[in-house]
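Engineer: Pasted the sequence and its predicted model underneath.
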Amino acid sequence: MNQSNAGTAKINPRSTGFINNEVYRKHTRERSLADEAGELQRCLQLEVATENVSPIRLVDFDTATNTLTTERVHGDELFHTLWNATYLLGRLRGHRLNDPQTIFSRVGELGQWLALYHRTSASHDADNSKAAWLLHATERKIRDIRQEKLLPERLLDKIEARFLPVLEKLNTQTFLADNGAFVCRVHGDFIVYNVLIDQSRQLHVLDFGETRVSGNYEDVTRMYSSLYAIADTNRTRRRRLGHLPSVFLNGYGLSMQATETPYFKCNMAYNYLTHLEGQHYMRDLLSWNSNIEMSQITRAGMRWIKRQL
């Protein structure tokens, strides 16, 4: 077996992947991958790409076996590029943030790409109910966190009182527009773990498995909250990466005023509660070092939530 055909299995809680030098194949029995394949094909047909940012390229989708094949990108997660070079152990292991200005520029361009992606399906007259999932999902998230006793009851009561009344307004016709948002097709899991950066400093957007129609701030806040929490985990990151959330937001075409809107803040809170719960359920599957990373980001997210109460 030559090297290009040799491969490695990658297993995560929702799917099994097989990767070699040329392609990545993903398979799952939990859900159809047809929507993901269709969205990758749509992006390819509409040429949804900027100079240095593009979706991963679809190679094939086998409906009979529910197997999605995409091109293999040789690169690192954007998360690891930002994280490993900005803490002591990572630097001792030789990680460096090489050519940082180019990397920072790419984060801004990532915002530009997301705006382009959203414009291909934007609907300013659509029913806000497409975004109303956030109310029910937040209620479920708080209930699950309460059952697992991941946060003190008093804090959960304050979170409910702060965010749920705002989310109730998702049922009103003008809520999204009043918050500067709109309905469109979203990526659904637009976080730093799902962006690869290759040796040429090109960015590749992965994992459209959660794609659906929703409010555009869902994607915007997923990336913004990731960058914000990473930058808030230590002093070095605050100094070197603290500007990246605004760089991304400006690339998308939003000012920092957007972060003060109720809909933006509710999405942020949901993202950080999701990270808290995810850390809890993934703790036995992750390495010691990954658990440390997750806990630091969770603490940063919870600090943000507490400042809103």
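Structural biologist: Everything's here; your move.

Engineer: Please give me every residue in contact with the residue nearest the centre of the chain.
Structural biologist: For the chain, I191 is the residue whose C-alpha lies nearest the centre (CA atoms, centre = their mean; 2.0 Å). By CB atoms under 8 Å, 6 or more residues apart in numbering, the contact set of I191 is F79, R222, M223, S226. Yep, even glycine has a C-beta here, placed from its N, CA and C like the rest.

Engineer: please redo it, this time with the cut-off set to 6 Å
Structural biologist: By CB atoms under 6 Å, 6 or more residues apart in numbering, the residues touching I191 are R222, S226.

Engineer: Can you tell me what sits against stretch 244-255?
Structural biologist: Stretch 244-255 is contacted by residues V107, G108, G111, Q112, L114, A115, V220, M223, Y224, L227, Y228, M256 when judged by CB under 6 Å, 6+ apart.

Engineer: Output these as a markdown table; include the columns pLDDT, distance to K141 and secondary structure.
Structural biologist: Output for the contacts of stretch 244-255, formatted as a markdown table (pLDDT from 0 to 100; distance: CB to CB, whole Å; DSSP: H, G, I helix; E, B strand; the rest coil):
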| residue | pLDDT | distance to K141 | secondary structure |
| --- | --- | --- | --- |
| V107 | 98 | 28 | helix |
| G108 | 98 | 31 | helix |
| G111 | 98 | 26 | helix |
| Q112 | 98 | 31 | helix |
| L114 | 98 | 24 | helix |
| A115 | 98 | 28 | helix |
| V220 | 98 | 19 | helix |
| M223 | 98 | 19 | helix |
| Y224 | 98 | 19 | helix |
| L227 | 98 | 21 | helix |
| Y228 | 98 | 19 | helix |
| M256 | 97 | 26 | helix |
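
Engineer: Angles on the backbone of D207, please.
Structural biologist: Per-residue torsions, D207: phi 60, psi 80 (degrees, to the nearest 10).

Engineer: Count the neighbours of the closest residue to it other than its chain neighbours for me.
Structural biologist: Residue nearest to D207 in three dimensions, not counting chain neighbours: N194, with 4.6 Å by CB to CB, 6 or more residues apart in numbering. By other CB atoms under 10 Å, the residues close to N194 number 23.

Engineer: now N194: how far from H187?
Structural biologist: From N194 across to H187, the span is 8 Å (CB to CB, to the nearest Å).

Engineer: same question, D157
Structural biologist: 33 Å.

Engineer: cool, and N66?
Structural biologist: 20 Å.

Engineer: So for these two, which residue has more residues nearby?
Structural biologist: It is H187, of N66 and H187, that has more neighbours when counted by other CB under 10 Å, with 26 against 18.

Engineer: Who are the contact partners of the residue nearest to the more buried one when sequence neighbours are not counted?
Structural biologist: By the measure of CB to CB, 6+ apart, the closest residue to H187 outside its immediate chain neighbours is D219, 5.2 Å from it. By CB under 6 Å, 6+ apart, the residues touching D219 are L114, V186, H187, F190.

Engineer: Give me the subset of those residues lying in helices.
Structural biologist: L114 (DSSP state H).

Engineer: farthest pair in the contacts of D219?
Structural biologist: L114 and V186 (9.4 Å; CB to CB).

Engineer: any idea where the strands of the stretch 1-150 of the chain begin and end?
Structural biologist: 8-11, 16-19, 23-27, 53-55, 58-62, 67-71, 75-77 (DSSP state E, counting those that start in this stretch).

Engineer: Tell me which stretches of the stretch 151-300 of the chain form strands.
Structural biologist: Going by DSSP E, counting those that start in this stretch, the stretch 151-300 of the chain shows strands at 183-186, 195-198, 203-205, 212-215.

Engineer: which of those sits most buried?
Structural biologist: Mean neighbour count (mean count of other CB atoms under 10 Å) peaks for strand 183-186 among the strands of the stretch 151-300 of the chain, with a mean of 23.

Engineer: D232 against A300, yeah?
Structural biologist: Yes: using CB atoms under 6 Å, D232 is in contact with A300, at 4.0 Å.

Engineer: quick revisit: which of the contacts of stretch 244-255 lies closest to L167?
Structural biologist: Scanning the contacts of stretch 244-255 for proximity to L167, where the rule is CB to CB, the winner is V220, at 16.9 Å.
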